[in-house]
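Enquirer: what would the 3D arrangement of this be:
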Amino acid sequence: MKIEIRDLHKSFGKLKVFTGLNLTIEAGEISVIMGRSGTGKSVLLKHLVGLIRPDQGEILIDGQNIVGLSERELYPIRIRFGMIFQNGGMLQSLNVADNVGLPLVELRGADRKEVAAKVSEKLTLVGLEGRETQAVTTLSGGQQKRVAIARALAQDAECLMFDEPTAGLDPPISATVDDVIEQVNRDTGATCIVVTHDLISAFTVGTKLHLLHEGKVAESGTPEEFQASRNPIVTEFLSRGVGIEKHRTLSRTNVKKPRAQDGETTAPDAKKNN
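Expert: Okay, the predicted model is just below:
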């Protein structure tokens, strides 16, 4: 899925969020959206599926401008997106399989056999095979986020949107989530949009990085181009994280652990199933 945003404007009362934002996300890439708090990162995601309508501008999904479409017309656009929420968004009363299969039941009315096959396939893809009957409440934070990814994949989403996927996770578990994002992108070809404050994660998974500042995109480029940028907005933003010099040498690979150690759980079969 290719996404093009042209001259986007949005205000909430006197608060101007976007003032002519232009952004292109190519099909199949992992695009990372960065910016200080309040720059509209999550608001931008809501624009892409028509939950918020702009005051001005165009949002093209594979060439189709979705601005101005009715709710009924937006439905076939929305089901092409999968959203992975910051907290995972799991229904605690359901087990892993029921959470993953929920979109198939609610959106497509799929039968039990089809749901079971799809759930097994997607859990295997995120490294959680065999966890179908496990209670969500017994999963670690990293595992819950992987279940959320599997749920988005179950509906065969063409674009996966990740809202702070590594928030609240320690470095080894964050590394595992990064691994899953990259693997899913490789295996499915889905376009991935990652909103994050985790600069190490951004530089690890991002095909393209986009920095929002004062209602516009201040800089877009590859991680290498960001590292070499002399744009003062970029250098200040990176220096407020772990420091631009560290970004030139530090990557998530320095803290990665084998996927078997992604369990903040000590269950005897944790290593087998992670």
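Enquirer: how near is Leu74 to Ser11?
Expert: Using Cβ to Cβ, to the nearest Å, we find Leu74 at a distance of 22 Å from Ser11. (C-beta placed from N, C-alpha, C; glycine too.)
Enquirer: buried ones in the top helix by length along the chain?
Expert: Secondary structure of the chain per DSSP state H: the longest helix is helix 171-188. Residues of helix 171-188 classed as buried: 171-182, 184-185, 188 (neighbour count, 16 or more other Cβ atoms under 10 Å).
Enquirer: quick check: mean pLDDT across it?
Expert: Helix 171-188 carries an average pLDDT of 89.
Enquirer: packing partners of the next helix or strand after it?
Expert: Using DSSP states H and E, the helix or strand that follows helix 171-188 in sequence is strand 191-195. Helices and strands touching strand 191-195, by 3 or more Cβ pairs under 8 Å, 6 or more residues apart in numbering; DSSP states H and E, are strand 30-34, helix 41-48, strand 159-163, helix 171-188, helix 199-205.
Enquirer: which stretch among these comes nearest Lys145?
Expert: Among the helices and strands packed on strand 191-195, the nearest to Lys145 by Cβ to Cβ is helix 171-188 (5.6 Å).
Enquirer: quick one on the thing from earlier: packing partners of the longest helix of the chain?
Expert: Contact partners of helix 171-188 among helices and strands, from 3+ Cβ pairs under 8 Å, 6+ apart: strand 30-34, helix 112-125, helix 141-154, strand 191-195, helix 199-205.
Enquirer: let's see 10 Å
Expert: In this structure, helix 171-188 makes packing contacts with strand 30-34, helix 112-125, helix 141-154, strand 159-163, strand 191-195, helix 199-205, judged by 3 or more Cβ pairs under 10 Å, 6 or more residues apart in numbering; DSSP states H and E.
Enquirer: check the offset of the second one from the chain's centre.
Expert: Same thing as helix 112-125. With Cα atoms, centre = their mean, to the nearest Å as the basis, helix 112-125 stands 21 Å off its chain's centre.
Enquirer: in it, what's buried?
Expert: For helix 112-125, burial by neighbour count (16+ other Cβ under 10 Å) applies to 115, 118-120, 122-123, 125.
Enquirer: middle-most residue in this structure, spatially?
Expert: Ranked by distance to the mean C-alpha position of the chain (Cα atoms, centre = their mean), the top residue is Phe162 at 1.6 Å.
Enquirer: hmm, it is touching Phe85, no?
Expert: Yes - the pair Phe162 / Phe85 is scored as a contact, 8.9 Å apart, by Cβ atoms under 10 Å.
Enquirer: identify the contacts common to those two.
Expert: 145, 148, 152 (Cβ atoms under 10 Å, 6 or more residues apart in numbering).
Enquirer: quick check: which element contains Thr235?
Expert: helix 232-239.
Enquirer: excluding its backbone neighbours, what's nearest Ile193?
Expert: Met161 (4.8 Å; Cβ to Cβ, 6 or more residues apart in numbering).
Enquirer: extract the CA atoms of the host helix or strand of Leu212 and return them as CSV.
Expert: For Leu212, the element it lies in under DSSP H and E is strand 208-213. The C-alpha trace of strand 208-213 is given here as CSV (Å, rounded to 0.1, in the frame of the first residue of the first chain):
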residue,chain,number,x,y,z
LYS,A,208,12.5,5.7,6.1
LEU,A,209,12.4,8.1,9.1
HIS,A,210,10.1,11.2,9.1
LEU,A,211,10.4,13.9,11.8
LEU,A,212,7.3,16.1,12.5
HIS,A,213,7.9,19.6,13.7
